[in-house]
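Visitor: missing the sequence, but the structure's below:
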């Protein structure tokens, strides 16, 4: 196993040291609660460790890790959706009126982030608004705004063209703006 | 402002526009207040998401990750319940169980009319219904024999005689002869009806006068036709219980110490039944059984009318017994001469015209082949054989 560019071998421990936190925070914003985030992060890391010997360095290791994390999450979402765990949720003012896409409901035992750490209303609202985006849009927003990945890298992670990433990112931002405006009003 | 321009604003915010486009957008923004406001709104949304805090790994995250890795490292089963190698076996077993249940539910109930053979031998041998020829119905005979046995027993015990004279026929009539089979086997049993009871009483009185006394004409005529077959498990169980009680009493009266299975594997009965031997503990018992068994049975046969022929081969070991059987059957003249005690007589009890066609002495039992009609000479009912304790089986001649 090698890291891209340098072609230096990466040990499992080194991999975990460098990427565990990154994976956990992406998972946290995708799922919206810590227990689901930990479960998803561990799942993604285990998959990554298993696949690490086959990593050829065609892309940045971080991009590869994002790809595994997002795909693991999307697989779970799909599985839960097929099991009927999905349902439309309403956060009061955050009605899902202009989007028929099913939205993710946090199912972990712990309280959502807003109730503990994010005392500021904005953080609460933003997290909840994020959860109302469909899977690809949410992933795009998280990778762009939080992880600050480029359009090209996001496209690589999600298997989308850069133009698609650009338009979907704009659409997701517009949707978030509407949701935030509703709360402010 | 259309979506294409707003999309460019979003990309401009991210610095993702080519230089030319970026400069064009900047010009537009400087000219349009609306675009500037739109850009600010997008920037605010972006900033709010960027403002979500990064969190440290939860305490124990790495330890739990390692534990999970260790768990996941165990080889996973690629089957749910049974390894693939066991599937044919499981399939075969389940098929066998289903087949057994279907067979059990669909097979016809067994006809379990149990013949009693060699009853008056010194060693009484009993075998299962599998050996009995299907055409032979021994119930009438058995009813009369049982009645006669009770009467004979009365000779030995005065108290029993009194009880029977008082009309307590049901309790006194033995049912031993109808259930002789391998213990524990379910039985189909023919019971005596009221007329058989009456006939039995008459037979008892006749037997009390002496072994050779002929029976009244009305005695034991309906024993066969008045019975019924146990049709369900409950009924069968009740009858079995009653019969086994009678079996024990009969054993006591007959002086039978115990009944043991014959041990010869190679000489199993052709029908698959097991053969049993009764070991007697008193010397009187066989005499009693022989004398009254012969007379009563013959009476029963002689009086059977209208029903199916009822046949039994009696093993007689004395001239008196033979004479008694002969006269009880209402046969004219004297029985053929038999050299007792070196020889014994096989006497076929049944309707007039019946006769023995052949007697086969096999290793463990004697087979008497008969025809139930066509013999004018009554001496055809008697065959002299070298004395033998082997049980006797009757079969219709081919």
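Guide: Cool, the structure landed. As the structure is a computational prediction, the values presented were derived from the model and not from experiment.
Visitor: quick check on the one residue in the stretch 151-300 of chain B that gets nearest to chain A: phi, psi?
Guide: Nearest residue of the stretch 151-300 of chain B to chain A: residue B:233, at 49.8 Å (C-beta to the nearest C-beta). Where you see a C-beta, it was placed from the backbone N, CA and C, and this is true even at glycine. Backbone torsions for residue B:233, taken as degrees, to the nearest 10, come to phi -60, psi -40.
Visitor: neighbours of it, how many?
Guide: Neighbours of residue B:233 under the rule other C-beta atoms under 10 Å in any protein chain shown: 9.
Visitor: near chain A, which residues of the stretch 201-350 of chain B?
Guide: For the stretch 201-350 of chain B, no residue is in contact with chain A (C-beta under 8 Å from any C-beta of the partner chain).
Visitor: any low-confidence regions in chain B?
Guide: B:1, B:75-79, B:109-231, B:255, B:257-258, B:260-310 (pLDDT under 70).
Visitor: in it, which spans are strands?
Guide: Under the criterion DSSP state E, chain B carries strands at the ranges B:124-127, B:256-261, B:275-280, B:312-316, B:343-349, B:355-361, B:366-371, B:382-386, B:392-396.
Visitor: the fourth one packs against which elements?
Guide: To tie it back to what came earlier, the one meant is strand B:312-316. If you count contacts as 3 or more C-beta pairs under 8 Å, 6 or more residues apart in numbering or on different chains; DSSP states H and E, strand B:312-316 packs onto helix B:284-303, helix B:319-328, strand B:343-349, strand B:392-396.
Visitor: any idea how far residue A:66 is from residue B:362?
Guide: According to C-beta to C-beta, to the nearest Å, residue A:66 stands 93 Å off from residue B:362.
Visitor: more crowded one of these two?
Guide: residue A:66 (27 against 11).
Visitor: near chain B, which residues of chain A?
Guide: Near chain B, when you scan chain A using C-beta under 8 Å from any C-beta, you find A:16, A:20-21, A:24-25, A:28-29, A:34, A:38, A:41-42, A:45-46, A:49, A:117-118, A:122-123, A:125-127, A:130, A:141-142, A:144-146, A:150-151, A:166-167, A:169-170, A:173-174, A:176-177, A:180.
Visitor: how about a cut-off of 6 Å?
Guide: Within chain A, the positions near chain B by C-beta under 6 Å from any C-beta of the partner chain are A:21, A:24-25, A:28, A:38, A:42, A:46, A:122-123, A:126, A:145, A:151, A:166-167, A:170, A:173, A:176-177.
Visitor: hang on, the earlier thing: mean neighbour count, the strands of chain B: which tops it?
Guide: strand B:312-316 (a mean of 26; mean count of other C-beta atoms under 10 Å in any protein chain shown).
Visitor: partner strands of that strand, parallel or antiparallel?
Guide: Applying DSSP bridges, strand B:312-316 is found paired with strand B:343-349 (antiparallel).
Visitor: and residue B:314, what are its bridge partners?
Guide: Bridge pairing for residue B:314 - DSSP bridges - gives residue B:347.
Visitor: the residue lying closest to residue A:171 once chain neighbours are set aside: which element?
Guide: Using C-beta to C-beta, 6 or more residues apart in numbering or on different chains and skipping the chain neighbours, the partner closest in space to residue A:171 is residue A:137 (6.8 Å). Element membership of residue A:137, judged by DSSP states H and E, is helix A:135-141.
Visitor: what is that helix packed up against?
Guide: Judged by 3 or more C-beta pairs under 6 Å, 6 or more residues apart in numbering or on different chains; DSSP states H and E, the packing partners of helix A:135-141 are helix A:61-82, helix A:162-184.
Visitor: as JSON lines, the ones you listed with mean pLDDT would be great.
Guide: Output for the helices and strands packed on helix A:135-141, formatted as JSON lines (pLDDT from 0 to 100):
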{"stretch": "helix A:61-82", "mean pLDDT": "90"}
{"stretch": "helix A:162-184", "mean pLDDT": "86"}
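Visitor: those helices: which one's closest to residue B:54?
Guide: Across the helices and strands packed on helix A:135-141, residue B:54 has its closest neighbour in helix A:61-82 (15.1 Å, C-beta to C-beta).
Visitor: can you count the residues close to the closest residue in space to residue B:10 that isn't next to it in sequence?
Guide: What sits nearest to residue B:10 in space, not counting adjacent residues and going by C-beta to C-beta, 6+ apart, is residue A:170, at 3.7 Å. Look at residue A:170: counted by other C-beta under 10 Å, it has 22 neighbours.
Visitor: from what I can see residue A:170 touches residue B:5, true?
Guide: No. Taking contacts as C-beta atoms under 6 Å, residue A:170 lies outside contact range of residue B:5: 10.5 Å.
Visitor: gap between the residue nearest to residue A:171 and residue B:242?
Guide: Per C-beta to C-beta, residue A:137 is found 86 Å from residue B:242.
Visitor: and those two? which has more neighbours close in?
Guide: residue A:137 (20 against 14).
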